[in-house]
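Enquirer: sequence unavailable; structure follows:
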Ligand code: SAM
């Protein structure tokens with residue numbers, strides 16, 4: 001499995017935003033000009049007309065959209081998102097020409113994302129795009145390397161791949177139908193227009209994919225041809241005599257998972273009706289992700305939405321990132337940024353969550369050193385995470401602290417139960433009670449048996465049942481650890497001080513909700529009893545003292561009753577994997593993997609067998625989210641829904657594979673511990 005050292009992903013860091021010079025175009029509008037590249041973002045003559053000619057018409061998008069009837073989305077790939085003008089034009093063209101019900105997916109790379117204000121200023125040039133531009137600006141991500149998924153419209157997804165075009169396209173898990181080859185003139189930006197870029201495009205193309213570009217430079221013609229595209233010249237825009245259009249006529253052999261054939265995804269299959277087992281955060285977010293793509297979902301839970309660990313009063317939207325970059329931290333940071341944007345779109349009024357910030361206190365010298373190493377190795381924007389000293393930390397928390405920590409200003413707390421209910425309410429999701437006891441493959445789908453003898457048939461099934469996710473014959477091999485956790489609730493008096501941020505050290509405490517302070521949680525591996533205990537409340541009080549030292553004394557002074565025997569709370573069972581990364585992906589046929597990859601047990605370095613991983617067809621899993629499901633479950637839901645619906649994935653391939661449940665089987669085969 002890839003180790004950080006051989007990762008081809010960009011560093012986990014912030015990206016530089018470009019310095020712009022605003023110059024008057026021919027119609028007296030101010031248009032952005034790149035100082036570093038000394039080039040324009042769009043034509044000074046008429047940017048919009050240029051986009052229509054060079055990218056939209058040359059790729060024949062009006063006709064192709066009009067005749068698009070597939071259940072998967074039409075996919076556009078772009079190098080150089082810039083101001084987003086091309087994307088807004090493609091989106092408008094899609095809305096005008098595509099039949100109702102079909103979808104558009106745009107993947108666009110950008111190495112130097114515009115600062116939000118610059119983007120707003122550039123887009124203000126196009127009054128006709130005011131509403132779509134607002135939709136884009138509202139979701140504009142932080143300048144952090146990686147993939148950022150935006151929903152432009154109920155039918156249009158934009159995946160921004162922040163990083164170098166070649167690097168990001170090499171990691172794209174998805175196939176493109178039409179390319180916009182933009183990215184400043186080859187003479188001004190030779191670094192991007194390398195043979196590797198065209199090879200990466202070809203590898204990420206559907207057979208017959210088209211491409212269009214404003215330039216006829218030799219390096220582009222040679223690069224396209226060598227990668228398997230047949231190009232021809234057509235009249236250019238305005239004063240440019242010629243431009244290029246191309247078609248992929250010789251698709252390359254797919255070698256993207258040559259060294260890890262087990263992760264080759266299963267072929268797409270019909271997904272008219274999907275059953276999701278488990279209505280916690282993992283299950284409800286998958287149900288919502290599928291339903292918004294037009295899939296009929298039956299969401300099944302024995303006890304209704306959020307009956308398990310997702311039913312707590314308040315949950316922290318937080319992550320713990322490793323000092324040294326690893327795939328798990330990359331997944332969690334991507335998940336945190338995704339959840340934040342997703343919550344904002346789902347609930348802009350913040351009725352289900354609060355952006356109060358999360359402070360990760362360095363409670364000891366060891367943790368302080370770890371946090372310093374993390375900050376030194378990961379120069380991320382301060383709006384994502386920053387180091388704060390004890391004074392600043394105390395000011396943020398609303399309570400004096402002797403040590404500083406890591407502050408995530410845009411994180412916060414969520415009401416997970418209300419969130420699950422909202423997601424379960426998505427049109428197209430049918431909530432059904434009952435306990436599923438077994439799954440049987442039946443022609444082209446699955447038959448689900450319930451404990452009361454009832455049955456249900458679905459095309460595909462997603463298992464999202466936390467610690468019960470491995471109760472089925474097909475998933476019994478999956479290592480899952482049950483962890484009992486209890487949170488405590490404390491009724492505050494009016495005089496009692498209140499934390500203003502979520503503060504974590506070992507446990508966490510949230511700002512109070514309706515006068516009730518939530519803090520916890522205990523951590524008891526392999527315990528499934530959910531009877532609340534006084535001992536657990538006492539442990540939570542001790543942890544609160546560590547998280548906010550001196551706070552308990554102030555509560556006592558304010559007359560708050562701190563007797564653990566009289567505290568209320570909630571106990572639930574969470575589930576974790578041995579490596580603490582969630583499972584999100586197709587469910588391997590464990591017996592077939594043990595047979596096909598037996599050679600790994602003898603020598604993990606020998607040639608990887610050519611056989612792609614065999615999976616239980618149409619069976620998926622989202623589980624092992626532990627106590628960080630608010631940061632991981634929504635992104636994992638998008639990952640599964642994207643795979644089910646045969647669209648590009650919202651994470652680089654390396655991270656998609658890191659989340660694949662089959663990683664455990666491969667690790668066990670290599671170690672010789674497979675059962
Ligand atoms: N398509 C854009 C639009 O609709 O506004 C205009 C693109 S502008 C001409 C070129 C863009 O390519 C710039 O935003 C620049 O930062 C980006 N770029 C340059 N080199 C790049 C690279 N190696 N990888 C990704 N993006 C790059």
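Expert: All right, it came through fine. None of these values were measured; they are calculated from a predicted model.
Enquirer: pLDDT at residue 29, what is it?
Expert: In this prediction, residue 29 carries a pLDDT score of 80.
Enquirer: residues in contact with it?
Expert: residue 125 (CB atoms under 8 Å, 6 or more residues apart in numbering). All C-beta spots, glycine's among them, are computed from the backbone N, C-alpha and C.
Enquirer: gap between it and residue 47?
Expert: 9 Å (CB to CB, to the nearest Å).
Enquirer: name the residues contacting each of those two.
Expert: residue 125.
Enquirer: burial measure for residue 365, as a count.
Expert: When neighbours are counted by other CB atoms under 10 Å, residue 365 registers 9.
Enquirer: how far away is it from residue 372?
Expert: Distance from residue 365 to residue 372, by CB to CB: 10 Å.
Enquirer: then residue 99?
Expert: Distance, residue 99 to residue 372, by CB to CB: 56 Å.
Enquirer: residue 557 now?
Expert: Residue 557 is 35 Å from residue 372, by CB to CB.
Enquirer: between the two, which one's more packed in?
Expert: Set side by side, residue 557 and residue 372 show more neighbours around residue 372, with 14 against 11, by other CB under 10 Å.
Enquirer: now the more buried one. Nearest residue, chain neighbours left out?
Expert: The shortest distance from residue 372 to any non-neighbouring residue, by CB to CB, 6 or more residues apart in numbering, is to residue 387 (7.3 Å).
Enquirer: residue 299: how many residues sit nearby?
Expert: Residue 299: 28 neighbours (other CB under 10 Å).
Enquirer: what about the helices in the stretch 501-650 of the chain?
Expert: 534-547, 551-557, 590-596, 599-602, 629-644 (DSSP state H, counting those that start in this stretch).
Enquirer: helices or strands up against the longest one?
Expert: For helix 629-644, the elements it packs on are helix 281-291, strand 315-317, helix 327-346, strand 583-588, strand 615-623, helix 653-659, judged by 3 or more CB pairs under 8 Å, 6 or more residues apart in numbering; DSSP states H and E.
Enquirer: what is the burial count for residue 356?
Expert: Number of residues near residue 356 (other CB under 10 Å) recorded here: 20.
Enquirer: same question but for residue 531, I mixed them up
Expert: 8.
Enquirer: if I look at the residue nearest to it when sequence neighbours are not counted, how far off is residue 525?
Expert: With sequence-adjacent residues excluded and distances taken as CB to CB, 6+ apart, residue 531 is closest to residue 571, at 6.8 Å. In this view, residue 571 and residue 525 are 14 Å apart by CB to CB.
Enquirer: rewinding a little: so the residue nearest to residue 531 sits against residue 488, correct?
Expert: No: judged on CB atoms under 8 Å, residue 571 makes no contact with residue 488 at a distance of 10.1 Å.
Enquirer: higher neighbour count, these two?
Expert: Remark: of residue 571 and residue 488, residue 488 carries more neighbours, 26 against 21, as counted by other CB under 10 Å.
Enquirer: which elements pack onto the helix or strand that contains that one?
Expert: Using DSSP states H and E, residue 488 falls within strand 481-491. Counting contacts by 3+ CB pairs under 8 Å, 6+ apart, strand 481-491 packs against strand 516-520, strand 524-525, helix 534-547, strand 568-576.
Enquirer: partners of that strand, with directions?
Expert: For strand 481-491, the paired strands and their directions (DSSP bridges) are strand 516-520 (antiparallel), strand 524-525 (antiparallel), strand 568-576 (antiparallel).
Enquirer: and the last one, how far out from the chain's middle?
Expert: Pointing back at strand 568-576 there. Here the centre of strand 568-576 is set off from its chain's centre by 25 Å, with CA atoms, centre = their mean, to the nearest Å.
Enquirer: my read is that residue 628 contacts residue 318, right?
Expert: Yes: using CB under 8 Å, residue 628 is in contact with residue 318, at 7.0 Å.
Enquirer: how about the secondary structure of residue 211?
Expert: Look at residue 211: counting by DSSP: H, G, I helix; E, B strand; the rest coil, its state is strand.
Enquirer: residues touching it, list them.
Expert: 59, 178-179, 181, 201, 224, 229, 231, 244-248 are the contacts of residue 211 under CB under 8 Å, 6+ apart.
Enquirer: give me the buried subset of those.
Expert: Those of these that meet the buried threshold are 59, 178-179, 181, 201, 224, 229, 231, 244-248, by 16 or more other CB atoms under 10 Å.
Enquirer: which other helices and strands contact the helix or strand of the chain with the lowest mean pLDDT?
Expert: Lowest by mean pLDDT, DSSP states H and E among the helices and strands of the chain is helix 599-602, with a mean of 85. Contacts defined by 3+ CB pairs under 8 Å, 6+ apart place helix 599-602 against helix 663-671.
Enquirer: by proximity to the ligand, which residue of the stretch 251-400 of the chain wins?
Expert: Residue nearest to the ligand within the stretch 251-400 of the chain (CB to the nearest ligand atom): residue 381, separated by 17.3 Å.
Enquirer: tell me where the model's unsure across this protein.
Expert: 1-6, 604-606, 674-675 (pLDDT under 70).
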